[in-house]
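Colleague: mind folding the following:
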Amino acid sequence: MNFRNLQYFLRAAEEKNITRAAQKLYISQQSLSGHVAKLEEELGVSLFERGSELKLTYAGERLYLLAQRICSLEQEILRETGEISDRRRGRLRLGISYTCGHAILPRLLPDFRAGHPLVEISLMEGNHQKLNEWLAAGEVDVVLGYAPIDVSGAVVYPLLQERLFLACPRTITDEVFGAEAEEKRRGGWSGFDIRALRGCPFILLKSGNRIRTLFDSYLEKKDFMPETLLETENIETAFALAEQGMGVTVYPELFLNTLHAAENVRIDLLPLPAEDTNGTLAVAFLEKGYHAPAVMDFISLCRRTAGDWV
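Modeller: Here you go, the predicted structure:
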(Lines give C-alpha, C1' and ligand atoms only; values in the text may rest on other atoms or scores of the structure.)
Protein backbone atom coordinates (compact mmCIF):
# COMPACT_ATOMS: atom_id res chain seq x y z
CA MET A 1 0.00 0.00 0.00
CA ASN A 2 1.28 3.45 -0.82
CA PHE A 3 0.16 6.99 -0.15
CA ARG A 4 -0.69 7.69 -3.78
CA ASN A 5 -3.23 4.86 -3.98
CA LEU A 6 -4.89 6.14 -0.80
CA GLN A 7 -4.95 9.72 -2.10
CA TYR A 8 -6.53 8.61 -5.38
CA PHE A 9 -9.09 6.51 -3.49
CA LEU A 10 -10.03 9.53 -1.35
CA ARG A 11 -10.57 11.73 -4.38
CA ALA A 12 -12.74 9.09 -6.07
CA ALA A 13 -14.82 8.69 -2.90
CA GLU A 14 -15.29 12.45 -2.59
CA GLU A 15 -16.24 12.98 -6.24
CA LYS A 16 -18.37 9.80 -6.42
CA ASN A 17 -17.38 9.60 -10.08
CA ILE A 18 -14.24 8.16 -11.69
CA THR A 19 -14.24 10.60 -14.60
CA ARG A 20 -14.52 13.73 -12.45
CA ALA A 21 -11.98 12.43 -9.96
CA ALA A 22 -9.50 11.64 -12.75
CA GLN A 23 -9.92 15.16 -14.15
CA LYS A 24 -9.23 16.69 -10.72
CA LEU A 25 -6.12 14.53 -10.37
CA TYR A 26 -4.91 15.30 -13.91
CA ILE A 27 -4.62 11.61 -14.77
CA SER A 28 -6.56 9.36 -17.14
CA GLN A 29 -9.74 7.59 -16.08
CA GLN A 30 -8.04 4.28 -16.87
CA SER A 31 -5.09 5.11 -14.62
CA LEU A 32 -7.33 6.06 -11.69
CA SER A 33 -9.39 2.88 -12.10
CA GLY A 34 -6.14 0.92 -12.05
CA HIS A 35 -5.00 2.50 -8.77
CA VAL A 36 -8.35 1.76 -7.12
CA ALA A 37 -8.34 -1.80 -8.41
CA LYS A 38 -4.82 -2.34 -7.11
CA LEU A 39 -5.87 -1.10 -3.68
CA GLU A 40 -8.90 -3.40 -3.65
CA GLU A 41 -6.73 -6.33 -4.68
CA GLU A 42 -4.19 -5.59 -1.96
CA LEU A 43 -6.88 -5.32 0.73
CA GLY A 44 -9.00 -8.20 -0.57
CA VAL A 45 -12.26 -6.22 -0.44
CA SER A 46 -14.45 -4.14 -2.76
CA LEU A 47 -14.33 -0.46 -1.90
CA PHE A 48 -17.05 0.82 -4.23
CA GLU A 49 -20.43 -0.27 -5.47
CA ARG A 50 -20.20 0.61 -9.17
CA GLY A 51 -23.11 2.29 -10.87
CA SER A 52 -24.02 5.65 -12.38
CA GLU A 53 -22.53 7.06 -9.18
CA LEU A 54 -19.84 5.49 -7.04
CA LYS A 55 -20.99 4.44 -3.60
CA LEU A 56 -18.69 3.27 -0.83
CA THR A 57 -19.09 -0.23 0.54
CA TYR A 58 -18.82 -0.74 4.30
CA ALA A 59 -15.15 -1.57 3.83
CA GLY A 60 -14.80 1.56 1.71
CA GLU A 61 -16.39 3.71 4.43
CA ARG A 62 -13.98 2.38 7.04
CA LEU A 63 -10.98 2.85 4.75
CA TYR A 64 -12.13 6.39 3.91
CA LEU A 65 -11.92 7.43 7.56
CA LEU A 66 -8.55 5.76 8.06
CA ALA A 67 -7.13 7.07 4.77
CA GLN A 68 -7.96 10.65 5.78
CA ARG A 69 -5.93 10.21 8.96
CA ILE A 70 -3.08 8.45 7.16
CA CYS A 71 -2.81 11.12 4.45
CA SER A 72 -2.94 13.84 7.10
CA LEU A 73 -0.02 12.14 8.85
CA GLU A 74 1.82 11.94 5.54
CA GLN A 75 1.57 15.71 5.16
CA GLU A 76 2.82 16.17 8.71
CA ILE A 77 5.76 13.84 8.02
CA LEU A 78 6.66 15.76 4.87
CA ARG A 79 6.39 19.08 6.69
CA GLU A 80 8.50 17.91 9.64
CA THR A 81 11.21 16.28 7.53
CA GLY A 82 11.22 19.27 5.21
CA GLU A 83 11.81 21.60 8.14
CA ILE A 84 14.62 19.33 9.34
CA SER A 85 16.28 19.27 5.93
CA ASP A 86 16.16 23.04 5.59
CA ARG A 87 17.48 23.47 9.19
CA ARG A 88 14.34 24.96 10.72
CA ARG A 89 13.58 21.93 12.90
CA GLY A 90 15.69 19.25 14.56
CA ARG A 91 17.33 18.24 17.80
CA LEU A 92 20.66 19.13 19.38
CA ARG A 93 21.86 17.03 22.31
CA LEU A 94 24.88 18.85 23.70
CA GLY A 95 27.33 17.47 26.24
CA ILE A 96 29.36 20.20 27.90
CA SER A 97 31.74 20.60 30.81
CA TYR A 98 30.54 22.48 33.87
CA THR A 99 33.05 25.29 33.32
CA CYS A 100 32.21 25.69 29.64
CA GLY A 101 28.47 25.75 30.31
CA HIS A 102 28.62 28.85 32.46
CA ALA A 103 31.25 30.66 30.44
CA ILE A 104 30.31 29.85 26.84
CA LEU A 105 26.62 29.04 26.47
CA PRO A 106 25.32 32.56 27.18
CA ARG A 107 27.45 33.76 24.26
CA LEU A 108 26.82 30.79 21.97
CA LEU A 109 23.23 29.57 22.30
CA PRO A 110 21.41 32.89 21.65
CA ASP A 111 23.05 33.10 18.21
CA PHE A 112 22.25 29.46 17.47
CA ARG A 113 18.66 29.85 18.66
CA ALA A 114 18.13 32.93 16.49
CA GLY A 115 18.89 30.91 13.37
CA HIS A 116 17.20 27.70 14.54
CA PRO A 117 14.12 28.71 16.57
CA LEU A 118 12.38 25.32 16.22
CA VAL A 119 15.37 23.13 17.11
CA GLU A 120 15.03 21.26 20.40
CA ILE A 121 18.11 21.73 22.61
CA SER A 122 18.97 19.43 25.49
CA LEU A 123 22.04 19.86 27.72
CA MET A 124 24.00 17.22 29.60
CA GLU A 125 26.64 18.73 31.89
CA GLY A 126 29.40 16.60 33.28
CA ASN A 127 33.10 16.15 33.86
CA HIS A 128 35.64 15.10 31.25
CA GLN A 129 35.10 11.37 31.78
CA LYS A 130 31.32 11.64 31.55
CA LEU A 131 31.48 13.64 28.33
CA ASN A 132 33.62 10.98 26.70
CA GLU A 133 31.26 8.22 27.87
CA TRP A 134 28.16 10.02 26.58
CA LEU A 135 29.72 10.69 23.19
CA ALA A 136 30.92 7.09 22.81
CA ALA A 137 27.45 5.77 23.69
CA GLY A 138 25.69 8.15 21.29
CA GLU A 139 23.79 9.80 24.14
CA VAL A 140 24.84 13.24 22.90
CA ASP A 141 25.32 14.58 19.37
CA VAL A 142 28.12 16.99 20.22
CA VAL A 143 30.62 17.41 23.04
CA LEU A 144 32.06 20.80 23.94
CA GLY A 145 34.91 20.26 26.37
CA TYR A 146 38.64 20.00 26.82
CA ALA A 147 41.09 17.83 24.94
CA PRO A 148 42.01 15.08 24.86
CA ILE A 149 38.65 13.65 23.77
CA ASP A 150 39.60 10.00 23.49
CA VAL A 151 36.57 8.43 21.84
CA SER A 152 36.94 5.93 19.00
CA GLY A 153 35.54 7.32 15.75
CA ALA A 154 35.25 10.88 17.06
CA VAL A 155 36.01 13.90 14.90
CA VAL A 156 37.64 16.52 17.13
CA TYR A 157 38.08 20.17 16.17
CA PRO A 158 40.32 22.25 18.47
CA LEU A 159 38.72 25.64 19.10
CA LEU A 160 41.04 27.69 21.29
CA GLN A 161 43.84 27.62 23.82
CA GLU A 162 42.77 28.75 27.27
CA ARG A 163 45.16 30.09 29.91
CA LEU A 164 44.84 29.97 33.67
CA PHE A 165 45.26 32.92 36.00
CA LEU A 166 45.58 33.35 39.71
CA ALA A 167 42.79 35.57 41.03
CA CYS A 168 44.60 37.23 43.89
CA PRO A 169 43.02 39.78 46.27
CA ARG A 170 44.83 43.12 45.98
CA THR A 171 45.18 43.18 49.73
CA ILE A 172 47.42 40.12 49.39
CA THR A 173 49.47 41.37 46.42
CA ASP A 174 49.93 44.73 48.18
CA GLU A 175 51.15 42.91 51.28
CA VAL A 176 53.46 40.59 49.34
CA PHE A 177 54.96 43.09 46.89
CA GLY A 178 54.62 46.34 48.82
CA ALA A 179 55.70 49.41 46.85
CA GLU A 180 56.41 47.28 43.76
CA ALA A 181 52.80 46.11 43.43
CA GLU A 182 51.61 49.01 41.24
CA GLU A 183 54.59 48.70 38.92
CA LYS A 184 53.94 44.98 38.53
CA ARG A 185 50.27 45.66 37.72
CA ARG A 186 51.22 48.11 35.01
CA GLY A 187 53.56 45.50 33.55
CA GLY A 188 50.87 42.84 33.49
CA TRP A 189 52.69 40.87 36.20
CA SER A 190 55.38 39.88 33.72
CA GLY A 191 57.82 37.40 35.23
CA PHE A 192 55.53 36.61 38.15
CA ASP A 193 56.70 33.63 40.25
CA ILE A 194 54.08 31.82 42.31
CA ARG A 195 56.65 31.11 45.00
CA ALA A 196 56.28 34.74 46.04
CA LEU A 197 52.88 33.74 47.46
CA ARG A 198 54.30 31.16 49.84
CA GLY A 199 52.35 31.28 53.08
CA CYS A 200 49.31 33.03 51.50
CA PRO A 201 45.87 31.37 51.83
CA PHE A 202 44.58 29.51 48.74
CA ILE A 203 41.00 28.59 47.80
CA LEU A 204 41.21 25.59 45.50
CA LEU A 205 38.83 23.53 43.42
CA LYS A 206 38.49 19.95 44.63
CA SER A 207 40.70 17.17 43.29
CA GLY A 208 39.47 15.61 40.06
CA ASN A 209 38.51 18.95 38.53
CA ARG A 210 40.39 19.63 35.27
CA ILE A 211 41.60 23.03 36.44
CA ARG A 212 42.80 21.59 39.74
CA THR A 213 44.66 18.83 37.91
CA LEU A 214 46.49 21.35 35.70
CA PHE A 215 47.28 23.53 38.69
CA ASP A 216 48.59 20.62 40.77
CA SER A 217 50.91 19.61 37.92
CA TYR A 218 52.19 23.19 37.71
CA LEU A 219 52.74 23.35 41.49
CA GLU A 220 54.71 20.12 41.42
CA LYS A 221 57.08 21.52 38.80
CA LYS A 222 57.51 24.66 40.91
CA ASP A 223 58.01 22.61 44.09
CA PHE A 224 55.36 24.78 45.72
CA MET A 225 52.85 23.64 48.34
CA PRO A 226 50.01 26.18 48.79
CA GLU A 227 48.45 26.92 52.17
CA THR A 228 44.94 25.62 51.42
CA LEU A 229 42.22 27.54 53.27
CA LEU A 230 39.37 25.52 51.77
CA GLU A 231 38.31 23.52 48.70
CA THR A 232 35.10 23.88 46.67
CA GLU A 233 33.44 22.30 43.64
CA ASN A 234 32.24 25.67 42.35
CA ILE A 235 34.62 28.04 40.61
CA GLU A 236 32.21 30.96 41.09
CA THR A 237 32.25 30.36 44.84
CA ALA A 238 36.05 30.32 44.81
CA PHE A 239 36.19 33.61 42.91
CA ALA A 240 33.57 35.29 45.12
CA LEU A 241 35.61 34.38 48.21
CA ALA A 242 38.77 35.72 46.56
CA GLU A 243 36.91 38.98 45.87
CA GLN A 244 36.27 39.27 49.58
CA GLY A 245 39.97 38.96 50.26
CA MET A 246 39.88 35.46 51.77
CA GLY A 247 42.52 33.91 49.56
CA VAL A 248 44.03 33.25 46.15
CA THR A 249 42.22 31.03 43.64
CA VAL A 250 42.78 29.70 40.12
CA TYR A 251 40.67 31.26 37.40
CA PRO A 252 40.21 30.19 33.73
CA GLU A 253 40.47 32.68 30.90
CA LEU A 254 36.99 31.88 29.60
CA PHE A 255 35.48 33.33 32.75
CA LEU A 256 37.08 36.75 32.39
CA ASN A 257 34.15 38.09 30.36
CA THR A 258 31.47 36.58 32.58
CA LEU A 259 32.40 38.11 35.91
CA HIS A 260 34.21 41.25 34.70
CA ALA A 261 37.29 40.08 36.53
CA ALA A 262 39.61 42.07 34.29
CA GLU A 263 38.16 45.36 35.62
CA ASN A 264 37.73 44.16 39.20
CA VAL A 265 39.48 46.67 41.46
CA ARG A 266 39.69 44.16 44.30
CA ILE A 267 41.38 41.40 42.28
CA ASP A 268 44.72 41.09 40.50
CA LEU A 269 44.94 38.53 37.72
CA LEU A 270 48.37 36.90 37.73
CA PRO A 271 49.05 34.86 34.56
CA LEU A 272 50.43 31.35 34.92
CA PRO A 273 52.91 30.13 32.26
CA ALA A 274 50.98 28.93 29.21
CA GLU A 275 53.19 25.93 28.59
CA ASP A 276 52.30 24.52 32.00
CA THR A 277 48.64 25.46 32.35
CA ASN A 278 47.17 25.78 28.86
CA GLY A 279 44.02 23.82 28.08
CA THR A 280 42.65 23.13 24.59
CA LEU A 281 38.92 23.61 24.23
CA ALA A 282 37.46 21.41 21.49
CA VAL A 283 34.18 20.37 19.88
CA ALA A 284 33.67 16.73 18.94
CA PHE A 285 31.12 14.43 17.30
CA LEU A 286 31.06 10.84 16.08
CA GLU A 287 32.01 10.52 12.41
CA LYS A 288 29.64 7.63 11.67
CA GLY A 289 25.88 7.90 11.67
CA TYR A 290 23.36 10.52 10.65
CA HIS A 291 23.89 14.09 11.81
CA ALA A 292 20.99 16.51 11.47
CA PRO A 293 21.82 19.74 9.61
CA ALA A 294 21.17 21.71 12.80
CA VAL A 295 23.85 19.71 14.61
CA MET A 296 26.42 20.46 11.93
CA ASP A 297 25.38 24.12 11.97
CA PHE A 298 26.09 24.22 15.72
CA ILE A 299 29.56 22.75 15.19
CA SER A 300 30.25 25.32 12.45
CA LEU A 301 29.09 28.12 14.76
CA CYS A 302 31.49 26.93 17.47
CA ARG A 303 34.41 26.89 15.06
CA ARG A 304 33.50 30.28 13.61
CA THR A 305 33.02 32.17 16.88
CA ALA A 306 35.42 30.50 19.33
CA GLY A 307 37.93 33.31 18.93
CA ASP A 308 35.42 35.72 20.49
CA TRP A 309 34.93 33.67 23.66
CA VAL A 310 38.06 34.88 25.46
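Colleague: what's the burial count for Ala67?
Modeller: Applying other C-beta atoms under 10 Å, we find 20 residues neighbouring Ala67. The C-beta positions use only the backbone N, C-alpha and C, and glycine is treated the same way.
Colleague: give me the nearest residue to it, chain neighbours excluded.
Modeller: Using C-beta to C-beta, 6 or more residues apart in numbering and skipping the chain neighbours, the partner closest in space to Ala67 is Leu6 (4.5 Å).
Colleague: residues touching the one you found, list them.
Modeller: Listed by C-beta atoms under 8 Å, 6 or more residues apart in numbering, the contact set of Leu6 reads Leu39, Ala67, Ile70, Cys71.
Colleague: cool, and Ala154?
Modeller: Taking C-beta under 8 Å, 6+ apart, we find Ala154 in contact with Leu135, Ala136, Ala284, Phe285, Leu286, Glu287.
Colleague: put the buried members of the residues you listed into a PyMOL selection.
Modeller: For the buried members of these, the matching PyMOL selection, counting by 16 or more other C-beta atoms under 10 Å, is:
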select buried, resi 135+136+284+285+286
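Colleague: in helices, which of the contacts of Ala154 fall?
Modeller: Leu135, Ala136 (DSSP state H).
Colleague: and Ser122, helix, strand or coil?
Modeller: strand (DSSP: H, G, I helix; E, B strand; the rest coil).
Colleague: all helices of the chain, in order?
Modeller: Along the chain, counting by DSSP H, helices occupy 3-15, 18-25, 29-43, 58-85, 98-115, 128-136, 170-177, 181-186, 210-222, 235-243, 256-259, 274-277, 293-305.
Colleague: out of these, the one nearest Arg50 is which?
Modeller: When these are compared by C-beta to C-beta, helix 18-25 sits nearest Arg50, at 9.0 Å.
Colleague: report the distance from that closest one to the chain centre.
Modeller: The gap between where helix 18-25 is centred and where its chain is centred comes out at 51 Å by C-alpha atoms, centre = their mean, to the nearest Å.
Colleague: quick one on the thing from earlier: need the helices of the chain in JSON lines (columns: mean pLDDT and distance to Leu92).
Modeller: Compiled in JSON lines, these are given as follows (pLDDT from 0 to 100; distance: least, C-beta to C-beta, whole Å):
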{"stretch": "helix 3-15", "mean pLDDT": "84", "distance to Leu92": "30"}
{"stretch": "helix 18-25", "mean pLDDT": "84", "distance to Leu92": "41"}
{"stretch": "helix 29-43", "mean pLDDT": "87", "distance to Leu92": "41"}
{"stretch": "helix 58-85", "mean pLDDT": "74", "distance to Leu92": "12"}
{"stretch": "helix 98-115", "mean pLDDT": "86", "distance to Leu92": "8"}
{"stretch": "helix 128-136", "mean pLDDT": "90", "distance to Leu92": "14"}
{"stretch": "helix 170-177", "mean pLDDT": "94", "distance to Leu92": "42"}
{"stretch": "helix 181-186", "mean pLDDT": "89", "distance to Leu92": "43"}
{"stretch": "helix 210-222", "mean pLDDT": "90", "distance to Leu92": "24"}
{"stretch": "helix 235-243", "mean pLDDT": "91", "distance to Leu92": "25"}
{"stretch": "helix 256-259", "mean pLDDT": "64", "distance to Leu92": "22"}
{"stretch": "helix 274-277", "mean pLDDT": "76", "distance to Leu92": "31"}
{"stretch": "helix 293-305", "mean pLDDT": "91", "distance to Leu92": "6"}
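Colleague: so which of those comes closest to Pro148?
Modeller: Proximity of these to Pro148 was assessed by C-beta to C-beta; the nearest stretch is helix 128-136, lying at 8.9 Å.
Colleague: just the buried ones from the contacts of Leu6?
Modeller: Buried among those by 16+ other C-beta under 10 Å: Leu39, Ala67.
Colleague: quick one: which of the contacts of Leu6 is nearest Tyr98?
Modeller: Taking C-beta to C-beta as the measure, Tyr98 lies nearest Ile70 of the contacts of Leu6, at 47.0 Å.
Colleague: separation between that closest one and Arg4?
Modeller: Per C-beta to C-beta, to the nearest Å, Ile70 is found 12 Å from Arg4.
Colleague: cool, and Thr232?
Modeller: According to C-beta to C-beta, Thr232 and Arg4 sit 65 Å apart.
Colleague: more crowded one of these two?
Modeller: Using other C-beta under 10 Å as the criterion, Thr232 and Arg4 rank with Thr232 on top: 16 against 11.
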